[in-house]
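>>> sequence below, structure please.
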Amino acid sequence: MTSPSIPFRSFAPWLKERYGRPVYRVALDAGSTCPNRDGTKGFGGCTYCDVEGSGTGALKGGASLAAQLEEGLTRIARRGDGVGAIAYLQSYSNTYVDGARFEEVLEALRPAVEAPGSPVVGVSVATRPDCIPEDTLAALARLREVTDVWLELGLESANDQVLLDINRLHTLEEFHDAAERAHGADLLVVGHAILGLPGDGREGARATADALAAARVAGVKVHNLMVLEKTQMAHQYRKGELSVLEAEEYVQWLTDFVERLHPDQVLHRVTGDAPLEKRIAPRWNVYKNEIRERLAAELTRRLARQGSRCATEIGPAASPVS
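From the prediction side, this is the model:
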């Protein structure tokens with residue numbers, strides 16, 4: 001449940017409660033792609049997505065998964081003794097590969113997962129809801145026998161027309177189906193949302209929160225729309241064809257969103273993060289912690305909390321810590 005002092009349920013305290021120590025993600029690049037890039041569904045990818053698929057590009061630089069993970073573990077060890085790590089397959093759609101390749105990716109992580117005293121407490125796999133075949137779920141379920149496994153599904157918007165317009169090329173129904181099947185495999189499902197997509201509006205943001213609550217996902221990642229270099233949206237923005245939310249406007253929409261989540265869902269992220277040299281808009285001079293503080297203040301001002309307007313009575317399908 002949410003803390004009496006913080007009116008929403010955030011990720012870092014949940015991790016500390018579950019594992020008894022601070023835990024940090026180690027971003028990994030498995031060299032994946034997406035069906036809306038290679039022509040299976042479309043070309044060019046999502047209009048907001050840059051050519052690196054929001055990833056590190058490390059595999060292209062020659063670093064194997066094992067080497068990437070080792071380097072990441074060395075880096076987070078500098079944060080203090082006894083910290084934990086989540087091996088995070090971040091770039092593109094990581095389950096959009098044949099079964100043998102996906103098994104190979106997971107096997108590359110197993111030594112670190114299973115080593116006695118390993119800091120790795122779990123594996124997180126980012127992907128699309130239309131790229132979850134049964135053999136992939138079975139592989140993740142086998143890994144779930146030895147460690148926690150998050151399956152991060154990009155919904156972004158609950159409006160199928162918006163998803164089509166941004167070249168996402170999957171549907172809300174496919175998201176619900178993937179989440180339900182992942183629950184059946186005992187995975188911790190995380191749903192992604194973007195507020196401020198063109199054509200979505202404030203009501204769209206509210207509807208997406210309702211959909212994530214109804215899907216009973218254990219966690220939610222939400223951020224404002226960002227326009228990055230090397231994206232289709234960069235061209236649209238420069239031609240004046242789309243706009244982005246200002247910080248205060250985003251806080252208002254975000255508060256609406258958080259009110260409609262289930263109180264047991266864990267907020268893994270409440271704002272976006274991209275280097276200034278890659279980000280065209282917005283150019284807020286606002287840090288992550290300030291957005292969190294403004295969200296808490298606005299919920300308090302409204303006499304509200306996470307879940308105050310939730311329409312779903314039952315909580316997440318898999319939430320090991322209550």
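
>>> so which helix or strand takes in residue 212?
Here residue 212 is covered by helix 201-214, with elements defined by DSSP states H and E.

>>> and that helix, what's buried?
Across helix 201-214, burial judged by 16 or more other Cβ atoms under 10 Å covers 204-214. All C-beta atoms are positioned from the backbone trio N, CA, C, and that covers glycine.

>>> now render these as a markdown table, adding pLDDT and distance to residue 102.
Below are these laid out as a markdown table (pLDDT from 0 to 100; distance: Cβ to Cβ, whole Å):
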| residue | pLDDT | distance to residue 102 |
| --- | --- | --- |
| 204 | 98 | 33 |
| 205 | 98 | 33 |
| 206 | 98 | 35 |
| 207 | 98 | 32 |
| 208 | 98 | 28 |
| 209 | 98 | 31 |
| 210 | 98 | 32 |
| 211 | 98 | 27 |
| 212 | 98 | 25 |
| 213 | 98 | 30 |
| 214 | 98 | 28 |
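
>>> out of the residues you listed, which comes closest to residue 29?
Nearest to residue 29 among these is residue 212, at 26.7 Å by Cβ to Cβ.

>>> you'd agree that closest one is up against residue 268?
No. Using Cβ atoms under 8 Å, residue 212 makes no contact with residue 268, being 11.9 Å away.

>>> so what sits against both of the two?
Both residue 212 and residue 268 are in contact with residue 220, where contact means Cβ atoms under 8 Å, 6 or more residues apart in numbering.

>>> re earlier: let's see the helix holding residue 212 as CSV, backbone CA atoms only.
C-alpha atoms of helix 201-214 as CSV (Å, rounded to 0.1, in the frame of the first residue of the first chain):
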residue,chain,number,x,y,z
GLY,A,201,-5.3,14.6,-24.6
ARG,A,202,-5.9,14.7,-20.9
GLU,A,203,-8.9,12.3,-21.1
GLY,A,204,-6.6,9.9,-23.0
ALA,A,205,-4.1,10.0,-20.1
ARG,A,206,-6.9,9.1,-17.7
ALA,A,207,-8.2,6.3,-19.9
THR,A,208,-4.7,4.8,-20.1
ALA,A,209,-4.5,4.7,-16.3
ASP,A,210,-7.9,3.0,-16.2
ALA,A,211,-6.6,0.4,-18.7
LEU,A,212,-3.5,-0.3,-16.7
ALA,A,213,-5.5,-0.7,-13.5
ALA,A,214,-7.9,-3.0,-15.2
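
>>> what helices or strands is that helix leaning on?
Where contact means 3 or more Cβ pairs under 8 Å, 6 or more residues apart in numbering; DSSP states H and E, helix 201-214 is packed against strand 148-156, helix 172-184, strand 188-195, helix 247-260.

>>> would you mark the buried spots in the second one?
Think helix 172-184. Within helix 172-184, judged by 16+ other Cβ under 10 Å, the buried ones are 172, 174-176, 178-179, 181-183.
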